[in-house]
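Visitor: Predicted model follows, preceded by the sequence.
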Amino acid sequence: MGRTLAAAIGIASIAAAAVASAEPPAGAASCSGCHPASTRVISPVPRLTGMDRAAMVRAMRDFRSGQRAGTVMDRIAKGFTDDEIQAIAAWYASQK
Ligand code: HEC
């Protein structure tokens with residue numbers, strides 16, 4: 001009984017968190033492990049929040065094709081289709 005209730009609360013809070021973040025598209029959540037979401041985080045990895053949509057699409061395609069060298073982004077970009085890149089870029093561009 002108690003365990004079922006705890007599980008139900010757990011699921012409810014995960015669902016609430018997803019809604020609060022305005023539903024990032026598939027894959028976008030993985031980016032924030034390296035690209036800081038907060039301006040208060042000091043990191044050599046640039047923030048993506050508010051990045052120009054076209055610039056992000058270009059960067060991802062260039063990393064994917066090898067036209068732009070990266071330490072990790074070349075490998076990461078290979079995991080995304082054009083549609084996924086478009087969706088992620090649109091979502092980040094819309095974030096403040
Ligand atoms: C393992 C850490 C890591 C993850 C995860 C990661 N990045 Fe990166 N990202 C980097 C690093 C480091 C750079 C700098 C280029 C390099 O060294 O590869 C970078 C650079 C970029 C740039 C270029 C930024 C600019 O101003 O030129 C874009 C765009 C980008 N990442 C998008 C993404 C997206 C979108 C995701 C999620 C799908 C993502 N990254 C996930 C580490 C990461």
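Guide: Good, I have the coordinates.
Visitor: CA atoms for contacts and neighbours, from now on please.
Guide: Noted.
Visitor: separation between Ile42 and the ligand?
Guide: Distance of Ile42 to the ligand, given as Cα to the nearest ligand atom, to the nearest Å: 13 Å.
Visitor: mind checking the SS state of that residue?
Guide: Here Ile42 is coil, with the state taken from DSSP: H, G, I helix; E, B strand; the rest coil.
Visitor: go on, Thr39?
Guide: coil.
Visitor: What number of residues are in the vicinity of the closest residue to it other than its chain neighbours?
Guide: In this structure, Thr39 finds its nearest non-sequential neighbour in Arg47, 7.8 Å apart by Cα to Cα, 6 or more residues apart in numbering. As a burial measure, Arg47 scores 19 neighbours (other Cα atoms under 10 Å).
Visitor: how close does the residue nearest the centre of the chain get to Gln67?
Guide: In the chain, the centroid-proximal residue (Cα atoms, centre = their mean) is Ala28; its distance is 2.3 Å. From Ala28 across to Gln67, the span is 22 Å (Cα to Cα, to the nearest Å).
Visitor: Enumerate every residue touching Met60.
Guide: Neighbouring residues of Met60 by Cα atoms under 8 Å, 6 or more residues apart in numbering: Met73, Ala77, Ile85.
Visitor: From what I see, the second one and Gly66 are in contact.
Guide: This means Ala77. No. Applying Cα atoms under 8 Å as the test, Ala77 and Gly66 come out as separate, 9.7 Å apart.
Visitor: Of these two, which one has the most company?
Guide: Ala77 (20 against 15).
Visitor: Which residue is the nearest non-sequential neighbour of that one?
Guide: Arg64 (4.9 Å).
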